[in-house]
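# show me how the following folds:
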Amino acid sequence: MSILGSIASMMGISSLRNLVTDSMAIDMGTANTIIAVKGRDVVLDEPTLVAVNELTDEVVAYGQEAFDMLGREARDVVIVAPLSGGVVADFERTKKMLAHFVKKAKSGGSQVSLQAVMSMLSDVTHVEQRALLHAAEEAHIGKVNMLEEGIAAAFGAGVSPRDKRASAVIDIGASTTNIAIVAKGNIISSRSERIGINDINAALATHVRRHRGLQIGDETTENLKITFAQATVPEDLGKSVTIRGRDVQTGSPGAVEITAGEIYPVVEGIVRRIANLVSDALTELRPEVAADIFDRGIILTGGGALFNGLDQYLRDIVNLPVLVSDEPRYATVRGLLKMFDEPDLLEKVTRNELSLLQNAEIPFEA
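Predicted coordinates for the structure are as follows:
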């Protein structure tokens, strides 16, 4: 073999090794499941949904494929979100969905045993944690470590685990808000509440149905939130958009015109609740920690950090700098991924209380 051929062969083997790995980071959220693999970064980002045939009770689609059916699914098919509030609500379907996602994320469909780090809420119960662990075991993952979402988001947002000064990280997901104060690789204080950016969707849909007589679907509501709603007072309150759906009274297709001024109070009510959580958490800090946060401000992560004007709204409420991390949706999973380069730190921050978890029965397992 020529020298050039040998080099090409070695490069091929090296590239293959970069693709094959046994280290996986899994951020299972209510809205999306994100998986990253060591050496490959994010390899899967799909909605946490399954489509189920009601007649056979079999799953017919997962993730993005199930999401694409939402609102237009066949008459015998129902779209199910197996996680609710950041925890397992439907164990059997969570197990099947995670196994599907993990298999999809593996390079070349490899069935080798994996090690994984998974995120969880700070206030998760032992039963809820055991359900996640058991689902991971059923997905043929050999070893699973659980890490609090707040500390993972902090590391993913660039907070050094060796920094002795405190940092405040607010991770706003679809249905949860997680507040973590981190210093030297440890969580000083944390707080999780079951409210997130998708509460805006529910509030908008309820308002349009009750006050405008129009029932709108999930896709329309999400588009209304992303393209028209905002956390701060709109410059043009009279700006309008036409939304379409089903007329509540007649049952026929219908449409209404809605203004920015009409929906702003609906949106602001949800945003204010999130801001109040952050404000309350900051009042509980010790003096030195409060001094660090005053100097550094707050880091926003999670998909909710991208909501139009949310950073400015929080800035006005807490009177502190508020920064949105780079690619905030991926902060948690990238923080989990960093743990494979910090084995000693991973051992220190892992929340796997095995003696307690083994006794935690999963009530929704078939």
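
# pLDDT below threshold where in the protein?
Scanning the chain for pLDDT under 70 picks out 1-21, 107-113, 123, 352-366.

# let me see the domain layout of this protein.
Following automatic domain parsing, the chain resolves into domains at 21-47+88-153+333-357, 163-196+270-326, 198-268.

# same list (those) but as TSV, adding mean neighbour count and distance to residue 69.
The way it works is simple: take the backbone N, C-alpha and C, and place the C-beta from them, glycine included. Formatted as TSV, the domains of the chain follow (neighbours: other Cβ atoms under 10 Å; distance: least, Cβ to Cβ, whole Å):
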stretch	mean neighbour count	distance to residue 69
domain 21-47+88-153+333-357	20	11
domain 163-196+270-326	19	19
domain 198-268	16	11
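
# can I get those in JSON lines with distance to residue 58?
Converted to JSON lines, the domains of the chain look like this (distance: least, Cβ to Cβ, whole Å):
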{"stretch": "domain 21-47+88-153+333-357", "distance to residue 58": "10"}
{"stretch": "domain 163-196+270-326", "distance to residue 58": "26"}
{"stretch": "domain 198-268", "distance to residue 58": "23"}
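
# how far does stretch 156-166 stretch from start to finish?
With Cα to Cα, to the nearest Å as the measure, the first residue of stretch 156-166 is 15 Å from its last.

# ok, now which ones touch residue 145?
By Cβ atoms under 8 Å, 6 or more residues apart in numbering, the residues touching residue 145 are 115, 116, 117, 118, 339, 346, 350, 352.

# if we use 6 Å, what do you get?
117, 350 (Cβ atoms under 6 Å, 6 or more residues apart in numbering).

# alpha carbons of the strand or helix carrying it, as PDB, please.
Using DSSP states H and E, residue 145 sits within strand 141-148. Provided in PDB are the C-alpha atoms of strand 141-148 (Å, rounded to 0.1, in the frame of the first residue of the first chain):
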ATOM      1  CA  ILE A 141     -28.000   1.700  28.000                       C
ATOM      2  CA  GLY A 142     -25.500   0.000  30.200                       C
ATOM      3  CA  LYS A 143     -24.800   2.700  32.800                       C
ATOM      4  CA  VAL A 144     -26.900   5.800  33.500                       C
ATOM      5  CA  ASN A 145     -26.000   8.800  35.600                       C
ATOM      6  CA  MET A 146     -28.600  11.400  36.600                       C
ATOM      7  CA  LEU A 147     -27.600  15.000  36.900                       C
ATOM      8  CA  GLU A 148     -29.700  18.000  38.000                       C
END
